[in-house]
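K.L.:
task: produce atomic coordinates for the following.
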Amino acid sequence: MWTCRMSWAVLPPVYSVCVAAGLWLVYFIAVYYENITPLTSQYRIRNGSMYPPYISIAGNFPPVSCIFSEVMNLAAFGGFVIAVLRYVQLRNKVDKPWLNVCSLVVFSVACFGMTIVGNFQLFTQERIHNWGSGLTFVPGLAFCWVQSYITLRVNLRNEGRRAAAVRFLLSASITVCMIFNFSLMYLRFHIHAARCQWAQVMLLLIFISTFALEFHHSSFNVACSEASERPVLYLEESMQQLEQL
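P.N.:
Now for the predicted structure:
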């Protein structure tokens, strides 16, 4: 039997940094090709050939649309892996198991929405793309609030209260950004609305990166056996915690 051990604590921050870097790469290429107005612009639209710098519009035009699709697909896969690991970690610790299940389900829906956003471009499949955006942002926000509450209730290694305070603050900030995004979009202040959208996504990625705090105390081991036996995914508490018992 072959066993793989690694420190999964690095996964959330590496995931967040890579996704953020991919999205900003899409933005800068779109600005370079003058497809969108820069976020620093003081005007609504600088000229008729440029669009507001929303993330979906930045990733709408080739060749950057290919990069955008790849970034969103990888973001969906990585996010789903983190959600599953978080579910496994909390499976025997949370006092309300249905909350843990709901958390996994809503973020899985958000990950599915990411694939729709990445693969159905805004200007060619607007309705499907907007559905994907809704499936990404709304369940993603719900995931943040649920995980903040679970963090407070579980209070893993007596660090839950401080981590929950940070996550509640991030969840509230994401909510405010989402409200301002839709409000400013409705009022046609598109530059400011786009800034709120970018801030919302970056805050969500920061939220996901905070799972490194809990993953540091646990190790997830994948065991691969012969065909007669089934591979196993299980959670093992860190040696540091075992020494304290």
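K.L.:
the residue nearest the centre of the chain and Gly79, how far apart?
P.N.:
Closest residue to the average C-alpha location of the chain: Leu205 at 5.1 Å, with C-alpha atoms, centre = their mean. Computed as C-beta to C-beta, to the nearest Å, the Leu205 to Gly79 distance reads 10 Å. C-beta here means a position set from N, CA and C on the backbone, and glycine is covered the same way.
K.L.:
overlap in contacts of these two?
P.N.:
Residues touching both Leu205 and Gly79 (C-beta atoms under 8 Å, 6 or more residues apart in numbering): Tyr15.
K.L.:
related to what we said a few turns ago, would you say the residue nearest to the centre of the chain is within a strand?
P.N.:
No - secondary structure of Leu205 (DSSP: H, G, I helix; E, B strand; the rest coil): helix, not part of a strand.
K.L.:
which residues touch the closest residue to His216 other than its chain neighbours?
P.N.:
In space, and not counting its chain neighbours, His216 is closest to Ala9: 4.1 Å by C-beta to C-beta, 6 or more residues apart in numbering. By C-beta under 8 Å, 6+ apart, the residues touching Ala9 are Ala212, Phe215, His216.
K.L.:
what ranges does the chain have for its helices?
P.N.:
11-32, 55-58, 64-90, 97-119, 126-154, 160-186, 190-209, 212-215, 239-244 (DSSP state H).
K.L.:
so which of these is nearest Ser41?
P.N.:
Ser41 lies closest to helix 190-209 among the helices of the chain, at 6.0 Å (C-beta to C-beta).
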